[in-house]
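1. Prediction below, plus the sequence it came from.
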Amino acid sequence: MVRYDFRTPRLYVAEPLNSAAAVALDRDRANYLFNVLRLQPGDPVLLFNGRDGEWRARVANVAKRGGTLAIDEQTREQPPSSDLHLLFAPLKHARLDYMVQKAVEMGAGRLQPVITRHTQVTRVNVERMRANAIEAAEQCGVLVPVEVGEPLDFAGALDQIAPDRLVVFCDEDAAVADPVATLAAAPPHAGVALVIGPEGGFAQDERSALMQCRKVVRISLGPRILRADTAAVAAMAVVQAALGDWRT
């Protein structure tokens, strides 16, 4: 099987995918394929639905308000969901869009908005986040669209973390040290919960609560102050390098 086809357009669909199936296109998807990308009958399209892997299809017919894709063969099997969960304080629209897109590219499996004491943005458009996540998955070859949780308060978010999951706490007050080496020495765990605070930092009681988690590692992201969206990307890179799929 092909590892990844960079040239063929990719489209997320909800329908089941198999060699005997066809996918009917709604107006929006047809407009994207036929008017934006200018595809013609016979042109290839890669399809994925988060369950059945990736499949090569072709344009069977083009209509003004729709069309049909005929499925030919599977190109990649469905991988397991990522065990990297990103917990973050919500950001303003443009920066949140950026963070969602980069989190998908970096291999996050779940995005969990958390309302902390110093969070500046408390209203979160979850549907916008999900749409951005799907678009990023289409563009970067991800087959498992990231799961987006409804916003939780700080205590509720901590309660949802499984006891055996490693909590990676990015703390601006932590001593500057090699974060990769720190994570490499982490205790055995089942998945990672990466916690990024708001621009104003965590409150002292929130920091104390994080340190009470059963399996927790506190890391620094270097000697410079990073914006929250930059910190999320930097932290995910560190986690993937030390514990994640960059090592495979």
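-> Cool, the structure landed. Numbers count the residues shown, from 1 in each chain.
2. in this structure, which segments are predicted with low confidence?
-> Filtered on pLDDT under 70, the chain yields the residue ranges 1-3, 248.
3. and it, what are its domains?
-> Described in terms of automatic domain parsing, the domain architecture of the chain consists of the residue ranges 10-76, 84-247.
4. Nearest to Tyr4, out of the ones you listed?
-> domain 84-247 (4.8 Å; CB to CB). C-betas here are computed from N, CA, C, even on glycine.
5. For the domains of the chain, state which one has the densest average packing.
-> Neighbour counts (mean count of other CB atoms under 10 Å) averaged over each of the domains of the chain peak at domain 84-247, with a mean of 18.
6. hmm, back to that, in a markdown table: the domains of the chain, plus distance to Tyr4.
-> A markdown table is the format used below for the domains of the chain (distance: least, CB to CB, whole Å):
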| stretch | distance to Tyr4 |
| --- | --- |
| domain 10-76 | 8 |
| domain 84-247 | 5 |
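7. List phi and psi for the residue lying closest to Leu152 once chain neighbours are set aside.
-> Among residues not flanking Leu152 along the chain, Val114 sits closest, at 5.9 Å (CB to CB, 6 or more residues apart in numbering). Backbone torsions for Val114, taken as degrees, to the nearest 10, come to phi -130, psi 130.
8. Quick check: Val114 vs Ala209, distance?
-> As defined by CB to CB, to the nearest Å, Val114 lies at a distance of 12 Å from Ala209.
9. and the spatially most central residue of the chain, which of the three is it?
-> In the chain, the residue lying closest to the centroid (CA atoms, centre = their mean) is Val104, at 3.1 Å. Assigned by DSSP: H, G, I helix; E, B strand; the rest coil, the conformation of Val104 is helix.
10. That one contacts Cys140, doesn't it?
-> Yes. At 6.6 Å, Val104 and Cys140 qualify as touching, with contact defined as CB atoms under 8 Å.
11. before we move on, the earlier item: which residues touch the residue nearest to Leu152?
-> If a contact means CB atoms under 8 Å, 6 or more residues apart in numbering, then Val114 has Leu87, Phe88, Ala89, Pro151, Leu152, Asp153, Phe154, Ala157, Val195 as its contacts.
12. In helices, which of those residues appear?
-> Counted as lying in helices by DSSP state H, out of the contacts of Val114, are Phe154, Ala157.
13. Include distance to Gly66 when you put the contacts of Val114 into JSON lines, please.
-> Formatted as JSON lines, the entries for the contacts of Val114 read as follows, by distance: CB to CB, whole Å:
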{"residue": "Leu87", "distance to Gly66": "40"}
{"residue": "Phe88", "distance to Gly66": "38"}
{"residue": "Ala89", "distance to Gly66": "41"}
{"residue": "Pro151", "distance to Gly66": "36"}
{"residue": "Leu152", "distance to Gly66": "39"}
{"residue": "Asp153", "distance to Gly66": "44"}
{"residue": "Phe154", "distance to Gly66": "46"}
{"residue": "Ala157", "distance to Gly66": "42"}
{"residue": "Val195", "distance to Gly66": "44"}
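14. Next, the contact list for Pro16, please.
-> Asn49, Arg51, Asp52.
15. Look at Leu183 and give its secondary structure.
-> Leu183, by the three-state scheme (three-state DSSP), is helix.
16. Same question for Gln74.
-> For Gln74, the secondary-structure state derived from three-state DSSP is strand.
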